[in-house]
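Engineer: Everything below, folded, please.
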Amino acid sequence: MSIPKNMTSRFYEIDILRGIAVILMIFYHFFFNLYYFQILPMPSFFWMQQSFGVITILFILIAGISLSLAAFKAKDSKIITKKFILRGIKLFSIGMFITIVTWIYPHNGFITFGVLHFIGLSTILAIPFLINVGKKQNKMSWTIPLLFGFVVLALTPIIQKIHGPLYLAPLGIHPILFYTLDYEPLFPWFTVILIGIALGFLLYPNGKRRFDLPSKIQNIPNILKPLSFLGQHSLIIYLIHQPIILGILYLVGIIDLGIF
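Structural biologist: Next up is the predicted model:
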């Protein structure tokens with residue numbers, strides 16, 4: 001099935017927002033590494049990330065918007081289902097690779113269900129909210145994922161009071177003595193994915209901008225192209241940025257990784 005040209009173009013504002021999130025992530029992890037190795041205390045200006053995960057929220061929100069846009073492009077429900085199942089398995093598998101790596105080093109607090117595990121599983125779970133976008137979108141379509149998002153959020157306090165085996169960690173249920181370096185369970189984080197899907201339906205109905213950009217920025221300004229580049233390659237940057245940061249800090253003698 002051919003896809004109209006206006007359905008294949010990227011919305012550069014999405015890439016720019018993701019690029020901003022990438023920079024904030026790198027900046028945060030640089031200081032987190034210094035804190036983890038007890039070199040410096042965590043700067044106070046990161047309190048919103050530490051308390052509410054605002055950088056993570058930005059990434060996941062954009063992921064939800066991107067799911068809606070990808071569904072608009074695919075249109076056919078069978079194509080959407082197959083595409084998103086494969087995409088979800090791929091991301092979840094990369095997340096499991098990170099689990100293995102962090103279990104080897106640093107081991108203490110290895111990542112059990114981090115952001116890639118979450119986005120991978122959520123990509124599959126979000127399919128029921130996306131398979132009908134091939135039809136002419138109803139003006140109120142965005143309310144359905146938003147409503148379910150609030151249901152997930154409302155159930156979260158109940159889920160968080162439950163303790164159980166580690167294999168229930170994806171839901172937000174885990175042993176009492178549980179520690180991990182990165183943890184985004186479905187309750188409450190699936191809410192953010194669903195809000196992102198709702199925003200995609202609302203702001204980009206049928207895969208087109210609801211809003212008009214000023215004539216001067218119909219095309220991406222040159223000054224913003226580096227941010228767009230980072231946003232388009234966020235996955236590979238996510239995978240390599242921590243080893244690079246740790247490697248630099250180790251080579252300049254700031255931290256001791258304790259592996260040799």
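Engineer: most centrally placed residue in the chain?
Structural biologist: Averaging the C-alpha coordinates of the chain gives a centre point, and the residue nearest to it by C-alpha atoms, centre = their mean is I60 (3.3 Å).
Engineer: That residue reaches G114, doesn't it?
Structural biologist: No - the pair I60 and G114 fails to qualify as a contact (C-beta atoms under 8 Å) at a distance of 11.7 Å. (C-beta placed from N, C-alpha, C; glycine too.)
Engineer: so what sits against both of these two?
Structural biologist: Shared contacts of I60 and G114, defined by C-beta atoms under 8 Å, 6 or more residues apart in numbering, are found at E184.
Engineer: in this structure, what spans have low per-residue confidence?
Structural biologist: Low-confidence segments of the chain, defined by pLDDT under 70: 1-9, 133-138, 259-260.
Engineer: Can you show me the helices along it?
Structural biologist: Secondary structure of the chain (DSSP state H): helices at 5-8, 12-36, 47-52, 54-74, 77-104, 115-125, 143-160, 186-203, 225-232, 234-251.
Engineer: give me every residue that touches I111.
Structural biologist: Under the criterion of C-beta under 8 Å, 6+ apart, the neighbours of I111 are 95, 98-99, 102, 117, 180-183.
Engineer: Could you rerun that using 6 Å?
Structural biologist: Contacts of I111 were listed using C-beta atoms under 6 Å, 6 or more residues apart in numbering, and they are 98-99, 102, 180-182.
Engineer: what's the farthest-apart pair in the residues you listed?
Structural biologist: Pairwise distances among the contacts of I111 were taken by C-beta to C-beta; the largest, 11.4 Å, belongs to I98 and T180.
Engineer: The two: which has the busier surroundings?
Structural biologist: Neighbour count, other C-beta atoms under 10 Å: between I98 and T180, I98 has more, with 21 against 17.
Engineer: Next, the contact list for that one, please.
Structural biologist: I98 sits in contact with I111, where contact means C-beta under 6 Å, 6+ apart.
Engineer: Could you rerun that using 8 Å?
Structural biologist: If a contact means C-beta under 8 Å, 6+ apart, then I98 has 111, 114, 116, 239 as its contacts.
Engineer: From L181, how far out is it?
Structural biologist: I98 sits 10 Å away from L181, going by C-beta to C-beta, to the nearest Å.
Engineer: Quickly list what's touching both of these two.
Structural biologist: Shared contacts of I98 and L181, counting by C-beta under 8 Å, 6+ apart, come down to 111, 114.
Engineer: can you tell me which of the helices of the chain comes nearest to Q218?
Structural biologist: Q218 lies closest, by C-beta to C-beta, to one member of the helices of the chain: helix 12-36, at 10.0 Å.
Engineer: The closest one versus helix 54-74: what angle between them?
Structural biologist: When axes from the mean of the first three to the mean of the last three C-alpha atoms, to 10 degrees is applied, the directions of helix 12-36 and helix 54-74 differ by 150 degrees.
Engineer: So what touches helix 12-36?
Structural biologist: In contact with helix 12-36 (C-beta under 8 Å, 6+ apart) are residues 40-43, 46, 49, 55, 58-59, 62, 65-66, 69, 220, 224, 226-232, 234, 237-238, 241-242, 245-246, 249, 254-255.
Engineer: Generate a ChimeraX selection restricted to the buried subset of these.
Structural biologist: Those of the contacts of helix 12-36 that meet the burial criterion (16 or more other C-beta atoms under 10 Å) are gathered into one ChimeraX selection, given here:
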select :46,49,55,58,59,62,65,66,69,224,227,228,230,231,232,234,237,238,242,245,246,249,255
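Engineer: about what we covered before: for the contacts of I98, which single residue is the most surrounded?
Structural biologist: Neighbour counts for the contacts of I98 peak at L116, which has 24 neighbours (criterion: other C-beta under 10 Å).
Engineer: Pull up the gap between it and S122, please.
Structural biologist: The span separating L116 from S122 equals 11 Å under the rule C-beta to C-beta.
Engineer: I80 too?
Structural biologist: 15 Å.
Engineer: ok, now F113?
Structural biologist: Note on F113: its distance to S122, by C-beta to C-beta, is 11 Å.
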